[in-house]
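>>> just a sequence and a predicted model for now, questions to come.
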Amino acid sequence: MAISDLLLNVKDDQGKRLEPEHVKQLYKNTLAIAWPSTVEGALMSIIGSVDTMMVGTLGPAAIAAVGLTGQPRMILLLLAQALCVGTTALCARRKGAHDHAGANACLNQSLAIITVIGVMMTLIGYFGAVPLMRLGGANEETLQLSVEYFRIISLAFLPNCWQLCICAAMRAIGKTRVTMITNITANLINVCLNYVLINGKFGFPKMGVQGAAIATAAGTIAASLICIVVVLRNGGYYHIARPRFDKVTLSGLTKVGASSMVEAVCLRIGFLMLARLIAGIGTNAFAAYQIVSQVTSLSFTLGDGVSTAGTSLVGQSLGARRKDLAMAHAGVAYRMGIMVSILLMVVISLTSRQIALLFTTDEAIIQGVTASLYVVILSMIPQNGRVVYSGVLRGAGDVKFVAVCALVSVAVLRPVLTWLFCYPVAHALPQYPNVAVMAPWIAFLIDSLVRDRLLAHRVKQGKWLEIKLS
């Protein structure tokens, strides 16, 4: 089958193949929403990698210390992110049903709730930094640095929550350019301040990891301010008002958010176990893991851009009671995800060693990164496939199934496989020192394959087309 036939072979909810002209319009609609999110994700990932490179000038311990703050931060964000998933699904449905007032009510209620969550996160993050970093796998070499970094970024948790909530609502109505501009601006601020503060430029003191944390917090606050300005200006789709809580909206947010919370908990538990397993191998191995994670983050964010379009368009289609369009948008989004994956596979395969050299000059780490990237290449198509299908199901409110997949794959299968390859297999093959470094990515490949197939089967069944949110 030619590539053009593959891309145009899109079917509706009855299994009927759509006309090429109709399919091309669906691609146009999807691309209009996807490209800002994809550009946003790619640039944010690249900027995040530059951030890691700058921290990398301080040595492997600094890379590992900053990397260790990732999972504790995401654990604290669980409630906020779950609420944002519900906000996106509900606002998309109401946009499709032409319920402008209902979408605004959803955003204002979500903002009120997430404000409380943000205050709690700040207090827990600042005063509980030491136990959280130990939970994340910090050792004596990285504990102090990771605690210093985490306490500073904790001060920006509340504005971070506001940004997440407003961006979630904007994505629901297809306004992805707003989130693109917001996040790119914030991350550019982060990088510029990193340059100034980490190694002391233009008369500023050399602050090291603390400087990186201040830069990150400043970028987050800037993003939040941009989002607030967007919803305060006249003439926009959303406007900020005093929230009036209603049972219908709260029920919809809870229905989607609770299942998303379960999924997020499974993911965080799984990733936390992974971080501890890899940190146990050694600082160099964890540094290599962090570098490869930057590349997989690029893959994820590119796929997530297409997934965002799928979430928005599926939600709007179901709000308009067009199940045929919802299924068609799912097929289009998946095919676009495949094309993104193929592009990434080619680029990474040609530049794997050069990518490693951007982060470090340590030859042992470079070899581990290069070997791991070849495993990552194999996972690109199933990884982005499961990301896109997860977005489609979330747009329909079918987050329970996504949560179950996360429980089985990330919280059980992936940690077990990582332990197996990190320790028993690596110890049995001492002549291959990179096996332990590659272990989490072998597990990542298997995890991606399993979840991609499970989610693909769910989408083809079509049960998600019948879910009611309000």
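That came through fine.

>>> and M121, how close does it get to A32?
M121 sits 34 Å away from A32, going by C-beta to C-beta, to the nearest Å. For the C-beta atoms, the positions are set from N, CA and C on the backbone; glycine is no exception.

>>> which one of the two has more residues nearby?
M121 (23 against 14; other C-beta atoms under 10 Å).

>>> and the more buried one, what's its pLDDT?
Looking at M121, its pLDDT reads 93.

>>> what helix or strand is it located in?
Using DSSP states H and E, M121 falls within helix 100-127.

>>> kindly report the same for D304.
helix 283-319.

>>> show me what counts as buried in that helix.
Of the residues in helix 283-319, those buried by neighbour count under the rule 16 or more other C-beta atoms under 10 Å are 283-319.

>>> ok, then the element right after the helix holding M121?
helix 129-135.

>>> rewinding a little: name the helices or strands packed onto the helix holding M121?
Contact here means 3 or more C-beta pairs under 8 Å, 6 or more residues apart in numbering; DSSP states H and E; on that basis helix 100-127 packs against helix 70-76, helix 78-96, helix 143-154, helix 157-172, helix 247-279.

>>> so which of those helices gets nearest M380?
helix 247-279 (19.3 Å; C-beta to C-beta).

>>> now do that closest one: distance to the chain's middle.
13 Å (C-alpha atoms, centre = their mean, to the nearest Å).

>>> ok, and for it, which residues are buried?
249-250, 252-253, 255-257, 259-279.

>>> now swap in stretch 172-187 and tell me
For stretch 172-187, by 16+ other C-beta under 10 Å, it's 172-180, 182-184, 186-187.

>>> tell me the mean pLDDT for it?
The pLDDT scores in stretch 172-187 average 81.

>>> so what's the gap between stretch 392-408 and the chain middle?
Its chain's C-alpha centre and that of stretch 392-408 lie 15 Å apart, by C-alpha atoms, centre = their mean.

>>> measure that stretch end to end?
20 Å (C-alpha to C-alpha, to the nearest Å).

>>> any stretches of the stretch 201-350 of the chain with poor pLDDT?
234 (pLDDT under 70).

>>> now the helices and strands packed on helix 100-127 as CSV including distance to D398?
Output for these, formatted as CSV (distance: least, C-beta to C-beta, whole Å):
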stretch, distance to D398
helix 70-76, 23
helix 78-96, 9
helix 143-154, 33
helix 157-172, 16
helix 247-279, 8
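
>>> and the gap between the closest residue to L429 other than its chain neighbours and L449?
Nearest residue to L429 in three dimensions, chain neighbours excluded: V435, at 5.4 Å (C-beta to C-beta, 6 or more residues apart in numbering). Applying C-beta to C-beta, the value for V435 to L449 is 20 Å.

>>> the helix holding M121 vs helix 247-279, what angle?
40 degrees (axes from the mean of the first three to the mean of the last three C-alpha atoms, to 10 degrees).

>>> tell me the pLDDT at Q25?
Predicted confidence (pLDDT) for Q25: 81.

>>> next, count neighbours for it.
14.

>>> for T361, same thing?
Neighbour count for T361, taken as other C-beta under 10 Å: 9.
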